[in-house]
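> Structure, please.
(2 chains)
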Amino acid sequence: MSSELMAIEAARRLRNDTVCFVGIGLPSTAANLARATHAPDCVLIYESGTIGAKPTELPLSIGDGELADTADAVVSVPEMFAYWLQGGRIDVGFLGAAQIDRHGNLNSTVIGPYDSPTVRLPGGGGAPEIATSVRDVFVMLNQTPRTFVERLDFCTSVGDRVRVVVTDLGVLEPQDGELTLTQVHPGVRVDDVRAATGWELRVADDVRETTTASEDELRALRALRTKGDA
Amino acid sequence: MAEIVSLADAISALVRDGDTVALEGFTHLIPHAAGHELIRQRRRNLALIRMTPDVVYDQLIGAGCARSLTFSWGGNPGVGSLHRLRDAVENGWPRPLELNEHSHAGMAAAWAAGASNLPFGVLRGYRGTDLPAPATVTCPFTGEELAAVRAHRPDVGIVHAQRADRQGNVQLWGILGVQKETVLASARALVTVEELVDELEPRPGAIVLPHWVIDTVAVVPGGAHPSYAHGYYDRDNDFYKRWDQISRDRDTFTRWLDEHVYSAVAA
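Take a look at the predicted model:
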């Protein structure tokens, strides 16, 4: 399943000494998978104020009680954003979005005009400052022409610290300030990725194929169940 | 000393039509019962503030209580969009809703400033976004230009907590969100609690809000449900998922409101 490989590919990029700011969904899956496999000491910070959370199953929300129970420290939300995020203590921040452009700018606010939107999305939350305060931004998104757009309807967060975009089709990384296809997942052709991109996609000279998920990775991933599904 | 009264009396005494009201809770200790009491007492034209408006704000907005919403993330955590919020913004139902949109860091700074009795909060934020540009200030020491956000100073701040003693000192633990800031920044503060105890025994990570910064305490067991109260009950994840269906359609929502809020007896 492509979402499994997305989580696995993102997890592979986290190191044992990485401090990462995690949101719910695939980022949380990826970070917990890293912790369950090659990076047991990877520090997970959820914006609800839990530092060093070690959940045994995937939380449904960033504020689930188990995050606080297993954390090294629980801090207030103003402290989280001021001392820890703005303070420059975080290596990797994960972001998702409804739209991305070729520079890694993201929209999670509205589709259509702001004052009369076609779709009012939940909004940026922590994204604007995560995007400018962590060292490396990791983006996880499904790749379609509706999501990978020539022009954002709204810029929620800027892309200058986006280091990698992991999609259901492959991996994009910035080269000279533009997201460039550097990896395709097994069974995906470069042309498939081009067709799923709303701009003229730049492709690296040496596109490689993503390493297939190992049995260990899959076993660890499937052992992380979402609480609400239990 | 904080007065200890029923929830219905507390809302009736503290909240007026047109007030700026914050019911805070960062996924934990969300004061759902107090929100339902606002709906039951048919408060109107409220200017609502909350970092993460979720299900109870969806209910307040769908019930027609709000004229504006100041926020940074409005969704059903782990599930998706808030359909009543979307209907108000996209179609003006049941009335148009003015949005004052921020980032989390900006909202958090505005709460800290309000609690500190400062006129604004300062942060390195909002760079490059299309969010309504905040004002800026220049650092007098380095010349750096920083974002400035107006302090939150609601008429009424409402939070839920685990317990209070008979004087109205309130103790809470687990994820603390902006509970303390909300109480300190607000002109009038109401705290709903799970239980009243003779003595607040110390707990790891717990904070105490002294009775003299709180106007009113109401004892409402289960008052955070479907959110949770750490050490008392878990988050009802199933309800959050069901809300997606209940809230999608105006009629289903209205029936839910009639059955579970208007005809329910006040706590």
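> switch to C-alpha atoms for all contacts and neighbour counts from now on
Noted.
> ok, and the helix or strand in chain A with the lowest average confidence?
Lowest on mean pLDDT, DSSP states H and E among the helices and strands of chain A sits helix A:65-70, with a mean of 86.
> is chain B contacted by that helix?
Yes - counting by Cα under 8 Å from any Cα of the partner chain, chain B has neighbours in helix A:65-70: A:Gly65, A:Ala68, A:Asp69.
> Mind telling me what element the residue lying closest to B:Val79 once chain neighbours are set aside is part of?
Spatial nearest neighbour of B:Val79, chain neighbours left out: B:Lys241 (6.2 Å); criterion: Cα to Cα, 6 or more residues apart in numbering or on different chains. Assigned by DSSP states H and E, B:Lys241 belongs to helix B:237-248.
> Show me what that helix is packed against.
With contacts defined as 3 or more Cα pairs under 8 Å, 6 or more residues apart in numbering or on different chains; DSSP states H and E, helix B:237-248 has these neighbours: helix B:83-91, helix B:250-257.
> Out of those, indicate the one that is most buried.
Neighbour counts (mean count of other Cα atoms under 10 Å in any protein chain shown) averaged over each of those peak at helix B:83-91, with a mean of 23.
> what's in contact with that one?
Contact partners of helix B:83-91, identified using Cα atoms under 8 Å, 6 or more residues apart in numbering or on different chains, comprise A:116-121, B:58-59, B:61-62, B:74, B:93-98, B:244, B:247-248.
> ok so, going back, which one of the residues of helix A:65-70 next to chain B sits closest to B:Arg235?
Relative to B:Arg235, the closest of the residues of helix A:65-70 next to chain B is A:Gly65; by Cα to Cα it sits at 8.0 Å.
> follow-up on the earlier one: list the buried ones in the helix holding B:Lys241?
Going by neighbour count (16 or more other Cα atoms under 10 Å in any protein chain shown), the buried part of helix B:237-248 is B:Asn237, B:Tyr240, B:Lys241, B:Trp243, B:Asp244, B:Ile246, B:Ser247, B:Arg248.
> about what we covered before: B:Pro77 is in contact with the residue nearest to B:Val79, correct?
No - at 9.4 Å, B:Lys241 does not count as touching B:Pro77 under the criterion of Cα atoms under 8 Å.
> What is the three-state secondary structure of A:Gly87?
Here A:Gly87 is recorded as coil under DSSP: H, G, I helix; E, B strand; the rest coil.
> ok, it - contacts?
By Cα under 8 Å, 6+ apart, A:Gly87 lies in contact with A:Ser133.
> what does the stretch 101-250 of chain B put close to chain A?
Residues of the stretch 101-250 of chain B lying near chain A by Cα under 8 Å from any Cα: B:102-105, B:108-109, B:111-112, B:123-131, B:174-178, B:205, B:230, B:234-235, B:237-238.
> Among these, name the buried ones.
Looking at those with 16+ other Cα under 10 Å, the buried ones turn out to be B:102-105, B:108-109, B:111-112, B:123-131, B:174-178, B:230, B:234-235, B:237.
> In helices, which of those fall?
The helices, defined by DSSP state H, take in B:His104, B:Ala105, B:Ala108, B:Ala109, B:Trp111, B:Ala112, B:Asn237 from these.
> Could I get those in TSV, plus columns for pLDDT?
Formatted as TSV, these follow (pLDDT from 0 to 100):
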residue	pLDDT
B:His104	97
B:Ala105	97
B:Ala108	98
B:Ala109	98
B:Trp111	98
B:Ala112	98
B:Asn237	90
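> From those, pick the one nearest B:Thr136.
Nearest to B:Thr136 out of these is B:Ala109 (Cα to Cα; 13.6 Å).
> That closest one and B:Val149 touch, don't they?
Yes - taking Cα under 8 Å as the definition, B:Ala109 is a contact partner of B:Val149 at 7.3 Å.
> Give me the common contacts of the two.
Common neighbours of B:Ala109 and B:Val149, counting by Cα under 8 Å, 6+ apart, are B:Gly121, B:Val122.
> There's contact between A:Arg15 and A:Pro40 in this structure, I believe.
No - counting by Cα under 8 Å, A:Pro40 is not a contact partner of A:Arg15; they are 9.1 Å apart.
> which residues are common contacts for these two?
In contact with both A:Arg15 and A:Pro40: A:Ala34, using Cα under 8 Å, 6+ apart.
> Assign A:Ser94 to one of the three secondary structure states.
If you look again at residue A:94, you'll see it is Phe, not Ser. Per three-state DSSP, A:Phe94 ends up strand.
> Show me where the stretch 101-250 of chain B has its strands.
B:120-123, B:135-138, B:145-150, B:156-165, B:170-172, B:188-197, B:207-209, B:216-219 (DSSP state E, counting those that start in this stretch).
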